[in-house]
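Q: coords please:
(one chain, ligands or ions: 2)
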Amino acid sequence: MSVQTPVVTGWRCAVCRERVAISEIFSWRCPNSSDTDRHHVLEIENLIAPLRTNGDANPFVGFQRYLAWDAFAATLGFDFESRTKIIRDLDDAVAKVAGTGFLTTPFLRNDALSDALGFDQQGGVWVKDETHNVAGSQKARHLFTQLLHLVAVEQAGRAPWRDRSERPQLAIASCGNAAIASSTLARAVNWPIQVFVPEHTDEATIKILNSLDANIVRCARVVSDPPGDPCVFRFREAIVSGAIPFGVQGPENAWCLDGGRTIGWEMAVVAEDLPGALFSRMFVQAGGGAFVTCATNGFFAGATKPKIHAVQTEGCAPLARAFEIAQKTGGARNAGARWSQCMWPWETTPVSLADGILDDETYDWVGACNAMADSGGCPVVASEGQVRESYDLAHRVTNVDVSPTGAAGLAGLLAMRQEIADDERVIVILSGVRRQ
Ligand SMILES: Cc1ncc(COP(=O)(O)O)c(C=O)c1O
Ligand SMILES: [Zn+2]
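A: Ligands and ions are numbered 1, 2, ... in the order given. From the prediction side, this is the model:
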């Protein structure tokens, strides 16, 4: 097979097993997903072996042929070079707004952190630093493939609107980083966007969103809503009215599960070049769950399969609950058909210093459970004390200006440290920058 041949063959629903062709435009959701039943999520079907980068510093170019987007754009008639050009042009536009385009982010053993946590020379903590990624977190990776999809459809003349002035608004429900990332990408192509944010969103976030010309909709919890996040309910209403889902929740737009894998691919190629023992564990903070799903799917395309630990806080841990129920009711692998039994909104109002992972529901719980079940991993629920300690520790011993949410994976490592041997190599992702 040529190095220019895309590897993704299609989509398949993790719940009802319905297939969707990769050539389908706007294939955001399973065809059986509806306004009243969002318990469906499309998964990418592909076979990546062996995983190789072409060495380009932009991961979307370096791993281009593994992207679902690459296979999709090929079906629109774009040849390999034209597809690369679409990525580069869009990246240039993003860089003008964000101050940086997409670049492979650092992934190194952090000696100070390894020492502080008592690992020996064979083992240690490898840190993936996402704080300098576009818009200051990993979120833009997920969204870039959605934007590539939209732009490619327009360029191929397949969009149902006549010109740019008729573009439907983009829409996202988010409490922070994803809203900033989506508004940054939307601004890069002057696409109007509505962001549905919690009522008490901090002023620093609001200021950034305003500077990006996002249409901010603050969403209060209202008694007439069913349990769950009011931002998600208002977002879904916007989708019913014709807006395009542009968020980081797989059941709302599966294309976020494509680009998010770049972070895992980047780590996997480093892991393959590393002499000696392989990585034994990866800690990934989980809110909506798209991040842990993608980081794992990307990583597992390589030769190493660390145990995956999705990290939540004691203030909001619906994924840990789902994993446990799934294990007891037939297994945590492919548990999508047991959605209602396993996953429902956290009953109490979620609170934590790591406020970016307080999603009422882990929307991508099926992918997150698969990641843990496939690797012999398990969820970790960190105490609020460990969340604070991880944030303090990260600032004390690393030079990464990480946010509490971005350091929450480290809280999971703190929670499990006693069970981990000193010569194990573990991964922590510092996923988002602190904002003041
Ligand atoms: C910095 C950061 N890390 C991790 C996450 C968790 O990602 P996900 O919601 O996909 O689980 C978020 C989500 O908001 C975030 O902002
Ligand atoms: Zn389905």
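
Q: Get me the contact residues on the chain for ligand 2.
A: 13, 15-16, 18, 30, 32, 40 (CB under 5 Å from the ion). C-beta here means a position set from N, CA and C on the backbone, and glycine is covered the same way.

Q: among these, which ones are buried?
A: 13, 15, 30, 40 (16 or more other CB atoms under 10 Å).

Q: just those now: which is nearest ligand 1?
A: Ligand 1 lies nearest to residue 40 out of those, by CB to the nearest ligand atom, at 17.9 Å.

Q: for that closest one, what are its contacts?
A: Taking CB atoms under 8 Å, 6 or more residues apart in numbering, we find residue 40 in contact with 13-16, 18, 29-30, 32-33, 251.

Q: out of those, what pair is the most spread apart?
A: 18 and 251 (13.5 Å; CB to CB).

Q: By proximity to ligand 1, which residue of this protein wins?
A: For the chain, CB to the nearest ligand atom, closest residue to ligand 1: residue 432, 2.6 Å.

Q: what are the bridge partners for that residue, then?
A: residue 137 (DSSP bridges).

Q: so who does it touch?
A: 130-131, 136-139, 177, 356, 402-403, 405-406.

Q: Try it again at 10 Å.
A: Counting by CB atoms under 10 Å, 6 or more residues apart in numbering, residue 432 touches 130-131, 133, 135-139, 176-177, 180-181, 285, 356, 401-408.

Q: Just want to check the distance between it and residue 385.
A: Look at residue 432 and residue 385: by CB to CB, to the nearest Å, they are 21 Å apart.

Q: Ok, residue 250 next?
A: If you go by CB to CB, the gap between residue 250 and residue 385 works out to 32 Å.

Q: ok, the two, which is more surrounded?
A: For the pair residue 250 and residue 385, the greater number of neighbours falls to residue 250 (29 against 12), based on other CB atoms under 10 Å.

Q: can you give me phi and psi for the residue in the stretch 101-250 of the chain positioned nearest to ligand 2?
A: Relative to ligand 2, the nearest point of the stretch 101-250 of the chain is residue 250 (11.7 Å; CB to the ion). The phi/psi pair for residue 250 (degrees, to the nearest 10) reads phi -50, psi -40.

Q: so residue 428, which of the three states?
A: strand (DSSP: H, G, I helix; E, B strand; the rest coil).

Q: That one: how many residues sit nearby?
A: By other CB under 10 Å, neighbour count at residue 428 equals 29.

Q: Any regions of the stretch 251-400 of the chain where pLDDT drops low?
A: Filtered on pLDDT under 70, the stretch 251-400 of the chain yields the residue ranges 277.

Q: ok, which stretches of the protein are strands?
A: 8-13, 19-21, 42-46, 107-109, 124-129, 170-173, 193-198, 215-219, 244-245, 279-285, 307-313, 380-382, 425-430 (DSSP state E).

Q: what's the residue in the stretch 201-350 of the chain that ligand 2 sits nearest to in contact with, if anything?
A: Closest residue of the stretch 201-350 of the chain to ligand 2, CB to the ion: residue 336 (8.2 Å). Shown in contact with residue 336 (CB under 10 Å, 6+ apart): 13-17, 39-41, 43, 326, 342-343, 365-367, 369-370.

Q: which of these count as buried?
A: Of these, these count as buried by 16+ other CB under 10 Å: 13-15, 39-41, 43, 326, 342-343, 365-367, 369-370.

Q: how close does the residue most central in space within the chain sit to residue 92?
A: A centroid search over the chain (CA atoms, centre = their mean) returns residue 291, at 3.0 Å, as the residue closest to the centre. Using CB to CB, one gets 26 Å for the distance from residue 291 to residue 92.

Q: For the residues of the chain next to ligand 2, give me CSV that also has pLDDT.
A: Shown next, in CSV, are the residues of the chain next to ligand 2 (pLDDT from 0 to 100):
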residue, pLDDT
13, 98
15, 98
16, 98
18, 98
30, 98
32, 98
40, 98
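
Q: Now narrow the residues you listed to whatever sits close to ligand 1.
A: When CB under 6 Å from any ligand atom is applied, no member of the residues of the chain next to ligand 2 is adjacent to ligand 1.

Q: Alright, I will stop here.
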